[in-house]
Every structure is written in structure tokens, then in C-alpha cells.
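S.K.: Sequence plus predicted model, see below.
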Amino acid sequence: MLEINNLQVSVENKAILKGLNLSVGPGEVHAIMGPNGSGKSTLAHVVAGRDGYTVSGGSVTFNDKDLLDLAPEERAGEGVFLAFQYPVEIPGVNNVYMLKAALNGIRQYRGQPELDAVEFLKLVKAKTKAVGIDNSLLNRPVNTGFSGGEKKRNEVFQMSVLEPHLAILDETDSGLDIDALKAVGDGVNQLRDGKRSFIVVTHYQRLLDYIVPDFVHVLSDGQIVRSGDKSLALELEDRGYDWLKDEANVA
Amino acid sequence: MNAFADNLSEQFRQHAEHLPGGDKDNVAAFRRRAFSQFEAVGLPTLRHEDWKYTDIRAIAKASYAALGGHERSESSDISLDALPFPSFAPHLAVFLDGDFCPALSRLGALPDGVQESNIHALLQHDPERIVGQVKNHDAAFPSLNSALMKDGLLVEVSAGATVTEPIQVLNISRAGGLLNTARLMLNAGANSAVTIIETHYSLEGSTSMTNALTEIEAQAGAQVTHYRIQMDNSQCHHIGNVIASVQADAHVRTYSFAFGGDVTRIDVNADLVGKGANVTMNGLFMVDDDQHIDHHTRVRHCVSHTQSNENYKGIADGNGRGVFNGKILVDQDAQKIDAIQSSKNLLLSDNAEIDTKPELEIYADDVKCAHSATVGQLDDDAFFYLRSRGVEEAKARSMLTFAFAADIAEDVDITPVREWLEEIITSRTHASGINEIGDDG
């Protein structure tokens, strides 16, 4: 589904990703862990199409399409969704209105008819219930004045409406208390249907108690230095990241 | 001198007597006085501090027919509904190339307490009512307006009267090469309430220039709301002046929405002359291509316990250039003043430019005065956020531009005007759809 080969990315001439390989199949949940500054968020942003990164080598294909050639909205059309570490506040743009524009943008990209207001609101109502997001947030300006937990819930809510094929969660656990973490985890788990894939980028193991990964990768200094199953995350929780760095240095 | 002024002087000397009321001594004297003032001050140039951002050499070089002699434009093929601005009011006066146009106007019974008079008729038959009311203005364009005025509207609201439906005045330019002298005089009696919507529009193909003057007198306790809409085509130059005098406890809200013209300059002036006087000045302008729109506002707090509130937003795309200059003057001994001014501007292209400048002259010491001025671009983070969700680039740009200007539209109480404003903000950023969604009942 997603194939990343030897990806090399720099920001302002500083190399961040230095030959990263990752393969994500349908229905799989991959956790990307690693110390601060290892390139986790860069990876998430490059896959979603953010400006400001220079891809100097390697490839990213999604269902055999070259993702790096596509605009962010076209990647969304292909089924990629990025849940932001810091969801952006957009005063003046209504949350539900944005979501309708997004969904219809994706449908248009796929050659599907746009949903009218009635069909769309029916869908929103159903998803609101499923995700358990507070109704009052729907008609507020996007993320504006939302608490940290509300912002992350809103990301999951948007994900549930847009139904991506691949969802990338960029440090979704940051700034969340346990209740919010659990709620977000529940929301994501509802979207696991055996076909939809997830990349969960996180510094800590605790989110993985709720979203249990099939694979865990450790990113360090721009490369994946170790891969394993969920037990690797627990080991990292115990031992930190330094032993991996030391091992890498010895090798 | 310059071609513009030379040519007008020539026309004025030869034909002033043919202007309405030209055979009346008091009107003739008043016109001569105003024209002399125009000649004495002269056309402003970039050397004038107040005009340093606005180059009107294109006007100075041009010659316009100002004193009649032209054929009346045809109105029968004009449908107001087809024009891109709201024209909904039950009472609506249309001026075509400066002349009152009965065929397009809707002059139903006015509500009690409002008297609306045609300035052309007054100048001919009851000139004292005009000459007795007009003030002398110092600046070139208002003086020129007074010297050359031939028609327009005098709206008088009796003390205590509340006019529930807005009154509309449309100035439509059709001909080429005319100088349209549009005049609107509003006198709101004590504790009255009135809303007036003034629109300037030029049809495709018109190459006329507008020099408009609106005078607002708000007597004690009056509530006046004035919307000014400017939608000229890009072949037309537009000069507008709004001059308001606000008495004790009166509140004047004057809004300027400017989207058209080649070179446009709008001055909005308010004198707060009575205790408790209050003025709100809001505005939105959008420039694109090679357009230039300049707003100069000036609030003068003449006495204590007066309040002013300004919120202007500008959006510049293409090679467009926008200017906002907001002057707040507080006289000596005018204490307990509350003055707020905000100018926020958005650049949508690398070649667009906006100059914004607050100007404070405060001679009193107990004054609360807050001002802010910003020029920025669309927020990259918000732009990427929307696109990453699947919102197409042009649509994302349009949504964020709309969001930038949304508070100006929200503040408009009259639904057709608000909806028109929302629509134009969205359509001028090259995408469709407004920031609303149907009710799910």
C-alpha cells in the first residue's frame, strides 16, 4: 500500500531523513517511535505533502502512485490523512463547512458526485455519535478556542468523516490527559476495519496501550534502526532510546 | 495647473450659469466661492502628505465634461436586478450619469418623518434650502463637488422619527468622459434613526470619473447607519468624501466597501462635537490587477466623553495597491476619550502592496486610544491544514480570505447587504460558495 524507499529529506540544507525504508500493508498499524529530533514529524509531513522539505532522494508510492508528485489535496484524494500534532486554529472558517469542502473535494477528485447539505449533515450526525464529539464544537470555527483534547477529538472526527485509506497520527498523544487519550484511542480503534492502515507517530509508549500496533519501528537520526512487534515499544519504555543509539554507534 | 483643472476652469467660466440655479444670485455666488477654493487649493499631488501614496496624475492629465451639454444616457435596457450589488430597498433613488432617473427609481410613499428632496429641483426652485445648509469645505474635491453639483439627494429625518426600511441611492455611470458630481446630504433630526445605502457603479464601457460628496448631520441622540458601496469598473476613477458631524449622544456608523475603479480615493471624516457622540467607521476594500484604493479616515474628538471605533480590512491581489491612513485627532480639553482603530491587511500576491498608517494627534491627557496596523499573508499552517484535508488549493485560499474579512461582513445588520458582501469576498478570490451550511432541521 505505502512503500517508502531510501527516502532522503532535508530542511534548509540540513539532512533530516537519511535513507528511510518503510512498507505498510492494508489493515496494518505501524508505530514510529524515536527520540526528539529523529525525524518522526518530518516523515509524517513529507508523506502528507507539506511545503518546506527538500526530497533529495528516494521514493514514496501509495497504491503504486508516486505521492511526491501530488499536491496535498490530491494525496487526500488518494486516501491519505494526517492528524496534526498541533491542529491549526482557523478563526472565521466553520468546522463543519470546512469538512464539507474537504469531503466534496475528495469526492470530486475520485469522480464521485458531491454530497448535498442534507446528505452531508446526515453523515455528520452519524459520525458525531460514533466518535462522541461534542455537538457544539461542530459549528464553531475550526479548532478555535478548543481545548487540547477537543482539538485531537476533532482530528479523529474529521478522520471518521473522510474515511482515509491511510491515516498518519502525528504525536496525537501530546498534551492529552488519560481520559482524552482513551477517547482518542477508542475513536481510532473504531476506524480499524482490517483494510484501513495507520502510522502512529509517538514519542511515548502510552498511546500504544490504546492503539495496539502490529509493528513498531524506531527512528533515530533519520533512519529506522530497529523494527519489531509491540513488545519493542514496551522495551523502549523500560530502557529509553539511548541503548539503541549506543548499539548503532557500536555497529 | 493641469489639464483636469484647466479644462474645468474653462467649462466653469463659460457655462456655470447653465447649472441648475445658475440664474440665482445666491447659488451662483456659492458656486463661485467653492470653485475659487478648488482653484486655490489645486489638485493634490504626491507632494501632499495626505496624498503621498496615491498618484492621481492619470486624473490630472484627463479632461472630463462636467457641466452638462451631454445627451442623457438611455436607461430602458438597464435592469437593477442584473447589476452586481443589492438594490432591494422599497425606497430607492437612481442617478444615471449624475441625473435623476425616474424610470429606474422606486419612489413609493416614504415613511412618516422622512423628507427626500431632489437637489436639482431645490437649486432651481428653493435654493435657500441648499445654500443655507451647505458647508464650506477646504479640500479640493469636496469644493469641486459643491461648485459643480447639479443633482443628488437631500434626506431630512424629523426629530424622533425611526425609519425602519433603509433608503437607497444608486449612482450609475454609463457615458464616457463625464465628471459625475454625486451629492448626498443627510440630516438626521434629534433622536431619529435612519439607514442609508449609497452605491456607486459604472457599467461596462463607461470611462467617467466620479467625485462624490456625502454629508451627514446627526443631531443629538440620532442613530445613523450609512453604507457606502463602490463598484466602478477599472476604466473609471473614483473620488469620494464622507463628512459627518455628530452631536451629543448621537451615533454614526459609516461603512465603506470599495472594490472597483482604477484609482479610487475615499475620505471618511467625522467630527464628534457633542458629549457622548460616537462614530463607528468600518471598511473593507479589495484590489486586484492594477487597481489602487486609498482610504483616509479622520476622526476628530472635539469634546470630552466621545468615542470612536474603526475597523478596516484590506485585501490586495495581483498588482493591486491599497492604502489605509487613519487619523485620530483629540482636541485640547477633550478628556475621557475612547478611540480604537484597527487596520488589518492581507496580501495575496507577491506584487501586491498595502500601506497602512495610523496617525494620532492628541492634545488632551485623559485619553484611551488603542490602535493596531498589520499587513500579512495567508497563514501557511492553515493553508496546508485545509489542503491536507482535501480542500482544493483555490478553495482553501478563498476560505481563508473569507475568514480574514468575515468580521466586517458579520457586523452588517442588513441581510441583503451582508450576503452581497460575503458573496463578493468569496467570488473575488476566484472560487465559489460561502461560509455557511444548510440547517439539518
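M.R.: Nice, thanks for sending it over.
S.K.: Could I get the average pLDDT for the helix or strand hosting residue A:127?
M.R.: Counting by DSSP states H and E, the secondary-structure element that holds residue A:127 is helix A:117-131. When pLDDT is averaged over helix A:117-131, the result is 90.
S.K.: Mind giving me the packing neighbours of that helix?
M.R.: Contact here means 3 or more CB pairs under 8 Å, 6 or more residues apart in numbering or on different chains; DSSP states H and E; on that basis helix A:117-131 packs against helix A:95-109, helix A:135-138, helix A:148-162, helix A:178-190. Every residue, glycine included, has its C-beta placed from N, CA and C.
S.K.: Which residues of the stretch 151-300 of chain B lie near chain A?
M.R.: Applying the criterion CB under 8 Å from any CB of the partner chain, no portion of the stretch 151-300 of chain B neighbours chain A.
S.K.: Now the residue of the stretch 151-300 of chain B found nearest chain A: closest residue in space, sequence neighbours ignored.
M.R.: Nearest residue of the stretch 151-300 of chain B to chain A (CB to the nearest CB) works out as residue B:284 at 13.4 Å. Distances taken as CB to CB, 6 or more residues apart in numbering or on different chains place residue B:408 nearest to residue B:284, at 4.6 Å, with adjacent residues excluded.
S.K.: related to what we said a few turns ago, return the backbone torsion pair for the residue of the stretch 151-300 of chain B closest to chain A.
M.R.: phi -140, psi 130 (degrees, to the nearest 10).
S.K.: residues contacting it?
M.R.: B:256-258, B:312-315, B:405, B:408-409, B:421, B:425 (CB atoms under 8 Å, 6 or more residues apart in numbering or on different chains).
S.K.: among those, which are in strands?
M.R.: B:256-258, B:312-315 (DSSP state E).
S.K.: What strand or helix carries the residue most central in space within chain A?
M.R.: Centroid-nearest residue in chain A: residue A:168, 1.8 Å away (criterion: CA atoms, centre = their mean). Applying DSSP H and E as the criterion places residue A:168 in strand A:166-170.
S.K.: So for that strand, mean pLDDT?
M.R.: For strand A:166-170, mean pLDDT rounds to 96.
S.K.: which residues are contacting that strand?
M.R.: So strand A:166-170 is contacted by A:1-2, A:24, A:40-41, A:44-45, A:47-48, A:62, A:79-85, A:159, A:188, A:191, A:196-202, A:211 (CB under 8 Å, 6+ apart).
S.K.: Can you say which of those residues are buried?
M.R.: The neighbour count (16 or more other CB atoms under 10 Å in any protein chain shown) marks A:1-2, A:24, A:40-41, A:44-45, A:47-48, A:62, A:79-85, A:159, A:188, A:191, A:196-202, A:211 as buried among the contacts of strand A:166-170.
S.K.: quick one: low-confidence ranges for chain A?
M.R.: A:245-251 (pLDDT under 70).
S.K.: can you tell me the residue of the stretch 51-200 of chain A closest to chain B?
M.R.: Closest approach between the stretch 51-200 of chain A and chain B, counting by CB to the nearest CB: residue A:92, at 2.8 Å.
S.K.: Now do the SS call for the closest residue to that residue other than its chain neighbours.
M.R.: Counting by CB to CB, 6+ apart, residue A:92 lies nearest to residue B:403, which is 2.8 Å off, once chain neighbours are set aside. What DSSP: H, G, I helix; E, B strand; the rest coil gives for residue B:403 is helix.
S.K.: re earlier: contacting residues for the residue nearest to residue B:284?
M.R.: Residue B:408 neighbours (CB under 8 Å, 6+ apart): B:282-284, B:311, B:313, B:421.
S.K.: and which of those residues is nearest to residue B:38?
M.R.: Distance to residue B:38 across the contacts of residue B:408 (CB to CB) is lowest for residue B:283, with 26.3 Å.
S.K.: near chain B, which residues of the stretch 151-251 of chain A show up?
M.R.: A:158, A:162.
S.K.: Could you report the pLDDT at the closest residue to chain A within the stretch 51-200 of chain B?
M.R.: Nearest to chain A, among the residues of the stretch 51-200 of chain B, is residue B:86, at 22.3 Å (CB to the nearest CB). Listed pLDDT for residue B:86 reads 92.
S.K.: hang on, isn't it packed against residue B:418?
M.R.: No: if you go by CB atoms under 8 Å, residue B:86 and residue B:418 don't touch, sitting 9.4 Å apart.
S.K.: So for these two, which sits in the more crowded spot?
M.R.: residue B:86 (22 against 16; other CB atoms under 10 Å in any protein chain shown).
S.K.: still on that earlier bit, quick one: which of the contacts of residue B:408 has the most company?
M.R.: residue B:421 (26 neighbours).
S.K.: Give the burial count for the closest residue to it other than its chain neighbours, as a bare number.
M.R.: With CB to CB, 6+ apart as the criterion, residue B:421 has its nearest non-adjacent residue at 4.6 Å, and that residue is residue B:409. Residue B:409 sits with 23 neighbouring residues when counted by other CB under 10 Å.
S.K.: can you check residue B:114 too?
M.R.: Residue B:114: 19 neighbours (other CB under 10 Å).
S.K.: Do I have it right that it meets residue B:157?
M.R.: Yes: between residue B:114 and residue B:157 there is a contact at 5.4 Å, judged by CB under 8 Å.
S.K.: Contact partners for the residue lying closest to residue A:134 once chain neighbours are set aside?
M.R.: Excluding its sequence neighbours, the residue lying closest to residue A:134 (CB to CB, 6+ apart) is residue A:150, at 7.3 Å. Going by CB under 8 Å, 6+ apart, residue A:150 touches A:133-134, A:137, A:143.
S.K.: Show me which pair in these is furthest apart.
M.R.: It's A:134 and A:143 that sit farthest apart of the contacts of residue A:150, by CB to CB, at 13.2 Å.
S.K.: Between the two, which has more neighbouring residues?
M.R.: The residue with more neighbours, out of residue A:134 and residue A:143, is residue A:143; 24 against 13, by other CB under 10 Å.
S.K.: Contacts only, for that one.
M.R.: Residues touching residue A:143, when contacts are defined by CB under 8 Å, 6+ apart, comprise A:87-90, A:95, A:150-151, A:154.
S.K.: hmm, 7 Å instead?
M.R.: Going by CB atoms under 7 Å, 6 or more residues apart in numbering or on different chains, residue A:143 touches A:87-90, A:151, A:154.
S.K.: between the helix holding residue A:127 and helix A:148-162, how big is the angle?
M.R.: 130 degrees (axes from the mean of the first three to the mean of the last three CA atoms, to 10 degrees).
S.K.: circling back: for the ones in strands among the contacts of residue B:284, which one is nearest residue B:164?
M.R.: Set against residue B:164, the nearest of these by CB to CB is residue B:257 (22.5 Å).
S.K.: for chain B, what spans make up the helices?
M.R.: With helices called from DSSP state H, chain B shows them at B:3-15, B:25-41, B:57-60, B:119-125, B:128-131, B:140-148, B:380-388, B:393-410, B:415-427.
S.K.: which one of those helices is the most hemmed in?
M.R.: Highest mean neighbour count among the helices of chain B (mean count of other CB atoms under 10 Å in any protein chain shown): helix B:140-148, with a mean of 24.
S.K.: helices or strands next to that one in the packing?
M.R.: helix B:25-41, strand B:179-188, strand B:209-218, strand B:237-246 (3 or more CB pairs under 7 Å, 6 or more residues apart in numbering or on different chains; DSSP states H and E).
S.K.: Tabulate those (a markdown table), appending mean pLDDT.
M.R.: A markdown table is the format used below for these (pLDDT from 0 to 100):
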| stretch | mean pLDDT |
| --- | --- |
| helix B:25-41 | 95 |
| strand B:179-188 | 97 |
| strand B:209-218 | 98 |
| strand B:237-246 | 98 |
